[in-house]
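**Q** quick one: sequence and predicted model below, then my questions.
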Amino acid sequence: MDNNYEIRPDPDSILASIKNEEAKSIQGKLKIFLGMSAGVGKTYTMLEVAHEAKKEGKDIIIGYVETHNRQETEKLTKGLELIPRKSIEYKGISVEEMDIDSVLQRKPAIVLVDELAHTNAPGSRHIKRYQDVIELLENGINVFTTLNVQHIESRTDIVAEITGIKIHETVPDSVVDLADDIEIIDLPPEDLLKRLAEGKVYIPEKAKQASENFFRIGNLTALREIALRLTAERVDKKLQEYMQKKISLVPGNQVKDY
């Protein structure tokens, strides 16, 4: 005997979904340019995307971009409005940080905020730069930012095991989960080592030290795999959330119980 049961959408689930969508519509959107390590081109790509956005008529500015004196990256900062950095005195040294109040006052459609895992100088409003980013998002400003996979909290243990280097600056997975879009900046380890040797990542003295420690082919290969897996896991998670939401919101779903 066949019994048809109509599955009605749960009103609480629908209300929660509506509230979630309303909150998202007010909050700014976060885009993360993710790489396996320094030097793969995260900031460069972010700036390229920024110029395309500007051509499309979007109001986009630089809140904080770190070029590390790379000439190609430095050139891409030209033509984009820049919010001057804020100087903070700490132990007799002047440290420059993003001027979050000026960005909030300017209130652009999009702001570039490099190096999401950065720790702000003592005396800043927030301890971590990702907290600055969260405040910007809560004020309806879209943010483009950069991040290396080894700085994601859930990946630090495996990175330390592989590289032998303990990562101290981390970003909680919950912050990464806020991202509406994660663009992986992929570069084969051999190409990155070539860039390192050509002085396009660090100055010669630092490049030599890096190649003898963190920037080994085995380390880079493992980090690349971690970054690729993370983005694949994110796609799977987003797909599952989408399917669950779609099923819960469609009225009149029916299943047959035999």
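**A** It's in.
**Q** tell me the centre residue of this structure?
**A** When the chain is reduced to its mean C-alpha position, the nearest residue by Cα atoms, centre = their mean turns out to be I32, at 2.7 Å.
**Q** where do the strands of the protein begin and end?
**A** 3-7, 30-35, 60-64, 81-82, 86-90, 93-97, 110-113, 142-148, 181-184, 253-257 (DSSP state E).
**Q** make TSV out of the ones you listed and add mean pLDDT.
**A** Below are the strands of the chain laid out as TSV (pLDDT from 0 to 100):
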stretch	mean pLDDT
strand 3-7	46
strand 30-35	97
strand 60-64	98
strand 81-82	98
strand 86-90	91
strand 93-97	92
strand 110-113	98
strand 142-148	98
strand 181-184	95
strand 253-257	46
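**Q** can I get those in CSV with distance to L220?
**A** For glycine as for every other residue, the C-beta is placed from the backbone atoms N, C-alpha and C. What follows is the strands of the chain, written out as CSV (distance: least, Cβ to Cβ, whole Å):
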stretch, distance to L220
strand 3-7, 49
strand 30-35, 11
strand 60-64, 26
strand 81-82, 32
strand 86-90, 34
strand 93-97, 30
strand 110-113, 26
strand 142-148, 12
strand 181-184, 14
strand 253-257, 48
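**Q** so for L193, which of those sits nearest?
**A** strand 30-35 (14.6 Å; Cβ to Cβ).
**Q** who does the closest one pair with, and is each partner parallel or antiparallel?
**A** strand 142-148 (parallel), strand 181-184 (parallel) (DSSP bridges).
**Q** strand 60-64 and the first one, what's the angle between them?
**A** Which is strand 142-148. 40 degrees (axes from the mean of the first three to the mean of the last three Cα atoms, to 10 degrees).
**Q** return the distance of strand 142-148 from the chain's centre.
**A** Offset of strand 142-148 from its chain centre (Cα atoms, centre = their mean, to the nearest Å): 4 Å.
**Q** that strand: which residues count as buried?
**A** For strand 142-148, the buried set under the neighbour-count rule, 16 or more other Cβ atoms under 10 Å, comprises 142-148.
**Q** coming back round to it: could you dump the strands paired with strand 30-35 to CSV with distance to G92?
**A** Converted to CSV, the strands paired with strand 30-35 look like this (distance: least, Cβ to Cβ, whole Å):
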stretch, distance to G92
strand 142-148, 30
strand 181-184, 40
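**Q** ok, which of the ones you listed comes nearest I165?
**A** Closest of those to I165 is strand 142-148, at 12.2 Å (criterion: Cβ to Cβ).
**Q** any residues touching the closest one, and which ones?
**A** 28-38, 42-43, 46, 49-50, 109-117, 133, 136-137, 171, 176 (Cβ atoms under 8 Å, 6 or more residues apart in numbering).
**Q** follow-up on the earlier one: save the buried residues of strand 142-148 as a markdown table, and put in distance to L187 too.
**A** Below are the buried residues of strand 142-148 laid out as a markdown table (distance: Cβ to Cβ, whole Å):
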| residue | distance to L187 |
| --- | --- |
| N142 | 26 |
| V143 | 23 |
| F144 | 19 |
| T145 | 19 |
| T146 | 14 |
| L147 | 15 |
| N148 | 12 |
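**Q** and Q150, what does it touch?
**A** Q150 neighbours (Cβ under 8 Å, 6+ apart): 37, 156, 159, 163, 167, 223, 226.
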